[in-house]
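**Student:** Make a model of this:
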Amino acid sequence: MAEDAGTVRVDVWIWSVRLTKTRSSAASACRAGHVRVNGDRVKPAHPVRPGDQVRVRQAGRERIVVVSRVIRKRVGAPVAVQCYTDHSPPPPPPEAVAPAGRRDRGTGRPTKRDRREMERLRGMDGGGPHRGAP
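**Tutor:** Numbers count the residues shown, from 1 in each chain. Now for the predicted structure:
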């Protein structure tokens, strides 16, 4: 399959402009349905061209970029930023993100009561099939 001069694979492009750390993680994101081009879920080999909107969902955040230049090789961050226009919403402030449960060092394993309290705070039921049964 010969590619046009103005297109490149979507997994190669999102890796080249540093939206993902590795090309294999870019391909995995495509296969998992976390990458959309112009609103459609795409496979790793889908071609992108200038003007396409690429949405990449990673780490609980969605990056929305518009392709302005197609590149095939990974480049430095200052050059990579010139290859797209970022329309992503700003990330939530650190205060808005619920802190993970931290235990003091040396306190040992959590007790069953502690574990249930942590699950309640996280919003998980934590019960097995027997819980709540008559």
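**Student:** is it true that Pro110 touches Asp104?
**Tutor:** No. Contact criterion Cβ atoms under 8 Å: Pro110 and Asp104 do not qualify, at 11.3 Å. The way it works is simple: take the backbone N, C-alpha and C, and place the C-beta from them, glycine included.
**Student:** Pick out whichever of these two has more residues nearby.
**Tutor:** Neighbours per residue (other Cβ atoms under 10 Å) separate Pro110 from Asp104, with Pro110 holding more: 13 against 6.
**Student:** Low-confidence regions, the protein specifically.
**Tutor:** Counting by pLDDT under 70, the chain has low-confidence residues at 1-5, 95-101, 125-134.
**Student:** how much space between the residue nearest to the spatial centre of the chain and Ser68?
**Tutor:** The residue lying closest to the centre of the chain (Cα atoms, centre = their mean) is Gln58, at 0.7 Å. As for Gln58, its distance to Ser68 is 21 Å (criterion: Cβ to Cβ, to the nearest Å).
**Student:** Please apply the same query to Asp104.
**Tutor:** With Cβ to Cβ as the criterion, Asp104 and Ser68 are 49 Å apart.
**Student:** cool, and Arg122?
**Tutor:** 41 Å.
**Student:** do Arg74 as well
**Tutor:** Distance, Arg74 to Ser68, using Cβ to Cβ: 17 Å.
**Student:** Following the chain onward from the helix or strand harbouring Asp11, which element is next?
**Tutor:** Assigned by DSSP states H and E, Asp11 belongs to helix 10-16. Later in the chain than helix 10-16, the nearest helix or strand by DSSP H and E is helix 23-31.
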